[in-house]
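Peer 1: Show me how the following folds:
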Amino acid sequence: MGFASQTIRGSELMTPTSQTRSRGLFLGGSQTMLGIILVGIGSFFGGALRYLVSTWVYHVLDSPWFPYGTLIVNVLGCFVIGFLARLAESRAAFTPEMRLCVFVGVLGGFTTFSSFALETFSLIRDTEQMAALVNIGLQFLLGLLAVWVGNMLAHAIGG
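Peer 2: Sure, this is the predicted structure:
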């Protein structure tokens, strides 16, 4: 099969939708528990790896004034998800179970920014520039707003 016949949209790699479930890209029905277990195992390793990498970066650079560890993790996660997404698309390199474990679990645990970046890249690649811009704007603005609201709420209850 050629690349075009196996193209998987970025959003299909991150979260299951009615379309992806109907095409069998994600586990469904009786295999839902297996999917949860695979994502959980991957998340454990991704989160542990994020901690190790960012701690190492902070230790090496000895610069706590800027979040270099988070920056490195996010950029590295974006590189890895871009690389693996191409393999998944062009070579059918991952089974649905491996996609769940690696893309949603490991890389989701490592950095959710990589998921955001791949989904935005896929929108742009699929000539959905307006959707990509809306995604960027909403993710950024709503993310900052949510941090602010959470911070204010914690402050309001005495935190």
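
Peer 1: and Ile124, how many neighbours does it have?
Peer 2: When neighbours are counted by other CB atoms under 10 Å, Ile124 registers 16. For the C-beta atoms, the positions are set from N, CA and C on the backbone; glycine is no exception.

Peer 1: Hmm, I typed the wrong one, I wanted Ile36.
Peer 2: 13.

Peer 1: what packs against the helix or strand where it lies?
Peer 2: Assigned by DSSP states H and E, Ile36 belongs to helix 32-61. Applying 3 or more CB pairs under 8 Å, 6 or more residues apart in numbering; DSSP states H and E, we find helix 32-61 packed against helix 68-91, helix 96-99, helix 107-110.

Peer 1: quick check: angle from that helix to helix 68-91?
Peer 2: 140 degrees (axes from the mean of the first three to the mean of the last three CA atoms, to 10 degrees).

Peer 1: so which of the helices and strands packed on helix 32-61 is the most packed in?
Peer 2: When these are scored by mean count of other CB atoms under 10 Å, the highest mean neighbour count falls to helix 107-110 (a mean of 24).

Peer 1: Skip ahead from that one and say which helix or strand is next.
Peer 2: helix 112-125.

Peer 1: low-scoring stretches of this protein, by residue?
Peer 2: For the chain, the stretches with pLDDT under 70 are 1-30, 63, 159.

Peer 1: ok so, going back, now do the helix holding Ile36 against helix 112-125, angle only.
Peer 2: For helix 32-61 against helix 112-125, the angle by the same axes, to 10 degrees is 110 degrees.

Peer 1: Would you mind measuring from the residue nearest to the spatial centre of the chain to Asn74?
Peer 2: The residue lying closest to the centre of the chain (CA atoms, centre = their mean) is Ser115, at 2.6 Å. Distance, Ser115 to Asn74, by CB to CB, to the nearest Å: 11 Å.
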